[in-house]
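Asks: The sequence and its predicted three-dimensional model are supplied below.
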Amino acid sequence: MKPIFMTYTKKDLINLGVCMVLSLIIIPMFIKTEYWYTSILIPWLCLALATIGQQIVMGYTGQLALGAAGFMAAGAFAMFNLILRVPDLGFVGSLIVSGLIAAAFGILFGLPSLKVRGIYLMVATLASQFFIIWMIDKFGWFKNYDSSGIITAQDIVILGKPFTTPLAMYLVCLAVTTVLTLLAMNMARGSTGRNWMAVRDMDIAAESMGVSLLRTKVQAFAISAFYCGVAGALFAFCYLKSLEPVAFDIKLSFKILFMCILGGLGTINGAFIGAAFILLFPVLLNSVGNNVFHGAIDATIISSIEQVIFGLLMIVFMIYEPLGMAKLWETFKQNIKSKLPSLNMKSLKSSKVKKPKK
Amino acid sequence: MAYERKFKIGKPILEVNNISLAFGGVKAITDTSFNVLEHEVRAIIGPNGAGKSSMLNCINGIYKPQKGTVSFRGKEIPNITPNIMAQMGLSRTFQNLALFKRMSVLDNILVGRKLHTKTNFIEVALQLPKVKKEEKANRDRSEEIINFLEIEDIKDTPVGKLPYGLQKKVELGRALATDSSIILLDEPMAGMNVEEKRDMCRFILKVNDELGTTMVLIEHDMGVVMDISDRVVVLDYGKVIGDGTPDEIMANQKVIDAYLGVEH
């Protein structure tokens, strides 16, 4: 299909339109309960953004990295300090700068990728996770010498207007996520993304074609950390509304890794699908526990079942569909298309025209 | 009828001087020298384990030889890496296919256009007009190569799903996309049937003829080598045992011994 606007085909523009109508009109119109915004939609957007970051470094560039939550913490605390100490930057300015600060950490912790790969790199990148959290805990300056351990995040103010209601915060997250997703798609589809994938699929050949491994890997780590940093800032300011290093522990890194793998490595939409699944699945299990079994099953058992099912799903996906739910969704769409006769009319017509030629 | 070449064979473009390469105690290449002239088709032949692929890997910078130098267009290159050689205009294919398996044929060939891509990732993210212009130019060139290699019908297929012969073609396409002045082909026809081989020969000669690209190829099929190459170098146990035109090589007693075996 030929692109009609920038790199987007007609199909992409329709998809974008549908998403925008859904998220900007349908959701605000029909969802009135705060719970949906504060507990589902906002964390979904934040974590999807972090998962895009993880996708860039792992799904596209093929570098096994495990430290997304560390970069999120860097972004979140950078945001806190920027708003506190450089109020002139404003919310959007602070968000960008905190992303850049996280990117600097990304470059630093991405450097081992030049020498080690695979599971060893994963262990090396764990350093970022522990180092950043340790640094924030160790030096009181990052927390503005707050002794309580949990700092309340400042209110979001953009151009003098406060964004404090759940709906407003949702819109802030939505705007940031949309812009960054589009930029990520542009990169992934353009020459930048091709370099990433070339390094992922066959690094020696990539180098022989003139792709610099150093630049490409470090670039991917930096961009990935930027996305994680921005996501972390949003996560702290819109979802947690507080800042504590414990919130960005290794469990969150693993969660993002799972979102990335279940969603589908090397896809941008997979980041959203994976994040939605991992966030919604426990909610679903809980409501099944409450409504079907009327609380007969203990909550701790439900959370154990959740872990078991995640583990099983990971194994099943690794074996049967390494490209994750995004790929399942593609296959599903194709099946529907081939079963709907009206959509097939075009192909029938074209095949009829061709036949007499033979 | 005398055949007139559009690109006359010229000065040496690539010189390999006294290269020695050892892996631990195993000597892969010993004190080997030869040159490649501009616009020629140069074949490297030899029995299995003669050090042919190691030789290409030394030229390309994947292996670092313990001794010896490689000169490109008369200039000695101190720290060879695949990247530096690519920038100097040397491209290659690999013996065991080194394609980007999850990417489409078109995308694979587009990666070959890397050195003709000057825009950075921020410009790409924002899709500035110059990015679109550059992307279009690169796509047009890639399509040309795809048409030239007659693989239009598979250009959107992920490379990993293609049969071996086609993958070899895609790899040649990727090397061509770099617009390099010299291409190293490591067994471009291995595992192909007669028809595919003939096609491949045709492409190699056509590229050499129309673009003047210097071709260095490793090949086992003697018939093919003698047919398409201008000069042949024969390696055995990491040493040069013959260097000359196909006719000279066929008459060389050492070469015949190496291939047929001889009683000592």
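Replies: Received the coordinates, thanks. Numbering: from 1, shown residues only, chains lettered A, B, ... in the order given.

Asks: B:Leu184: what secondary structure?
Replies: Three-state assignment for B:Leu184 (DSSP: H, G, I helix; E, B strand; the rest coil): strand.

Asks: likewise B:Val36?
Replies: strand.

Asks: so how far is B:Met250 from the closest residue to it other than its chain neighbours?
Replies: Closest residue in space to B:Val36, ignoring its immediate chain neighbours: B:Leu14 at 4.2 Å, by C-beta to C-beta, 6 or more residues apart in numbering or on different chains. Bear in mind the C-beta positions are built from the backbone N, C-alpha and C, glycine included. Using C-beta to C-beta, to the nearest Å, B:Leu14 is found at 24 Å from B:Met250.

Asks: Name the residue in those two with the higher neighbour count.
Replies: B:Leu14 (24 against 14; other C-beta atoms under 10 Å in any protein chain shown).

Asks: Need the pLDDT of B:Ser71.
Replies: If you check B:Ser71, the pLDDT there is 94.

Asks: who touches it in this structure?
Replies: B:Leu14, B:Glu15, B:Asn17, B:Ile77 (C-beta atoms under 8 Å, 6 or more residues apart in numbering or on different chains).

Asks: Kindly state the beta-bridge partners for the second one.
Replies: Yep, that's B:Glu15 we're talking about. Legend: beta-bridge partners of B:Glu15 under DSSP bridges are B:Asn35, B:Ser71.

Asks: since we're on it, how many residues are nearby?
Replies: 17.

Asks: does residue 109 count as helix, strand or coil?
Replies: No chain in the question, so chain A it is. helix.

Asks: got the contact list for it?
Replies: Counting by C-beta under 8 Å, 6+ apart, A:Phe109 touches A:Gly67, A:Gly70, A:Ala124, A:Thr125, A:Ala127, A:Ser128, A:Phe131, A:Phe221, A:Ala225.

Asks: From those, pick the one nearest chain B.
Replies: A:Phe221 (12.5 Å; C-beta to the nearest C-beta).

Asks: Phi first, then psi, for B:Thr214.
Replies: phi -70, psi 130 (degrees, to the nearest 10).

Asks: Also B:Val26?
Replies: phi -90, psi 120.

Asks: Can you give me the distance of it to B:Lys67?
Replies: Taking C-beta to C-beta as the measure, B:Val26 falls 15 Å from B:Lys67.

Asks: Compare those two (neighbour count), which wins?
Replies: Set B:Val26 next to B:Lys67 and count neighbours by other C-beta under 10 Å: B:Lys67 wins out with 13 against 9.

Asks: what pLDDT does that one get?
Replies: 93.

Asks: Test of understanding: give the bridge partners of it.
Replies: Beta-bridge partners of B:Lys67, as defined by DSSP bridges: B:Ser20.

Asks: Thought B:Thr32 was touching it, still the case?
Replies: No: with contact defined as C-beta atoms under 8 Å, B:Lys67 does not count as touching B:Thr32 (10.0 Å).

Asks: so what sits against both of the two?
Replies: B:Asn18, B:Ile19, B:Ser20.

Asks: The second one is in contact with B:Lys64, isn't it?
Replies: No: taking C-beta under 8 Å as the contact criterion, B:Ile19 and B:Lys64 are not neighbours in contact, 10.6 Å apart.

Asks: near chain B at all, the strand or helix carrying A:Lys327?
Replies: Per DSSP states H and E, A:Lys327 falls inside helix A:324-339. No: residues of helix A:324-339 are not located near chain B by C-beta under 8 Å from any C-beta of the partner chain, the shortest gap being 11.6 Å.

Asks: export that helix as PDB, just CAs?
Replies: In PDB, the C-alpha atoms belonging to helix A:324-339 read as follows (Å, rounded to 0.1, in the frame of the first residue of the first chain):
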ATOM      1  CA  GLY A 324       3.200 -12.300  20.700                       C
ATOM      2  CA  MET A 325      -0.300 -11.000  20.800                       C
ATOM      3  CA  ALA A 326       0.300  -8.400  18.200                       C
ATOM      4  CA  LYS A 327       0.900 -11.300  15.700                       C
ATOM      5  CA  LEU A 328      -2.200 -13.200  17.000                       C
ATOM      6  CA  TRP A 329      -4.200 -10.000  16.400                       C
ATOM      7  CA  GLU A 330      -2.900  -9.700  12.800                       C
ATOM      8  CA  THR A 331      -3.700 -13.400  12.100                       C
ATOM      9  CA  PHE A 332      -7.200 -12.900  13.600                       C
ATOM     10  CA  LYS A 333      -7.800  -9.900  11.300                       C
ATOM     11  CA  GLN A 334      -6.700 -11.700   8.300                       C
ATOM     12  CA  ASN A 335      -9.000 -14.600   9.100                       C
ATOM     13  CA  ILE A 336     -11.900 -12.300   9.500                       C
ATOM     14  CA  LYS A 337     -11.100 -10.600   6.200                       C
ATOM     15  CA  SER A 338     -10.900 -13.900   4.300                       C
ATOM     16  CA  LYS A 339     -14.300 -15.000   5.800                       C
END
